[in-house]
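>>> Provided below for reference: sequence and predicted model.
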Amino acid sequence: MNETATAPRVRLLDSTLRDGSHAIRHRYTPEQVELVAGRLDEAGVPAIGVGHGDGLGAASIQYMRSLHTDDELLSAARRALRSARLAVTFQPGIGTKRQLERAA
């Protein structure tokens, strides 16, 4: 790398509250999401992914139902975040435009 080039930036996104939901059969509670999201925010994690492990709208018989809705989990995370950004996974064909707009 030459002296005028800048190093690429690395941005972290913690996916415990999204991808980690697979391990517990999509059973995170809003209270758990609020607690974990708050602690990750306090630790300085810049972005936190929340929701069903397969993305918005995936709580179905095809992808396994969740204990709580995307809206409930996202609202719980929003209550806890002070500086981190909230992230979701969206897969066309699973999630809908309306679900994406609601998440935003």
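Thanks, I have the structure now. Numbers count the residues shown, from 1 in each chain.
>>> when you work out contacts or count neighbours from here on, use the C-alpha atoms and nothing else.
Will do.
>>> avg pLDDT for the longest helix seen in the chain?
Ranked by residue count, the top helix of the chain under DSSP state H comes out as helix 30-42. Rounded to a whole number, the mean pLDDT of helix 30-42 is 98.
>>> ok, stretch 82-94 next?
The pLDDT scores in stretch 82-94 average 95.
>>> just the strands from this protein, written as ranges.
Secondary structure of the chain by DSSP state E: the strands cover 14-17, 47-50, 85-87.
>>> closest one to R27 among the ones you listed?
strand 14-17 (10.3 Å; C-alpha to C-alpha).
>>> what does that closest one contact?
Outside strand 14-17, the residues within contact range by C-alpha atoms under 8 Å, 6 or more residues apart in numbering are Y28, V33, V36, A37, V45, A47, I48, G49, V50, G51.
>>> how close does A59 get to L81?
24 Å (C-alpha to C-alpha, to the nearest Å).
>>> R39 is in contact with S83, correct?
No: using C-alpha atoms under 8 Å, S83 is not in contact with R39; the gap is 11.6 Å.
>>> let's have the strands of the chain in CSV, adding distance to D71.
Listed next are the strands of the chain as CSV, based on distance: least, C-alpha to C-alpha, whole Å:
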stretch, distance to D71
strand 14-17, 14
strand 47-50, 10
strand 85-87, 13
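>>> return the most buried member of those.
Of the strands of the chain, the one with the most neighbours on average (mean count of other C-alpha atoms under 10 Å) is strand 47-50, at a mean of 24.
>>> that one pairs with which strands, parallel or anti?
Here strand 47-50 is paired, per DSSP bridges, with strand 14-17 (parallel), strand 85-87 (parallel).
>>> next, format the ones you listed as JSON lines and append distance to A23.
Formatted as JSON lines, the strands paired with strand 47-50 follow (distance: least, C-alpha to C-alpha, whole Å):
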{"stretch": "strand 14-17", "distance to A23": "10"}
{"stretch": "strand 85-87", "distance to A23": "19"}
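>>> of all those strands, which one is nearest M64?
strand 14-17 (15.9 Å).
>>> for Q91, which non-adjacent residue is closest in space?
Spatial nearest neighbour of Q91, excluding adjacent residues (C-alpha to C-alpha, 6 or more residues apart in numbering): G55 at 6.4 Å.
>>> I'm done for today, thanks for sticking with me.
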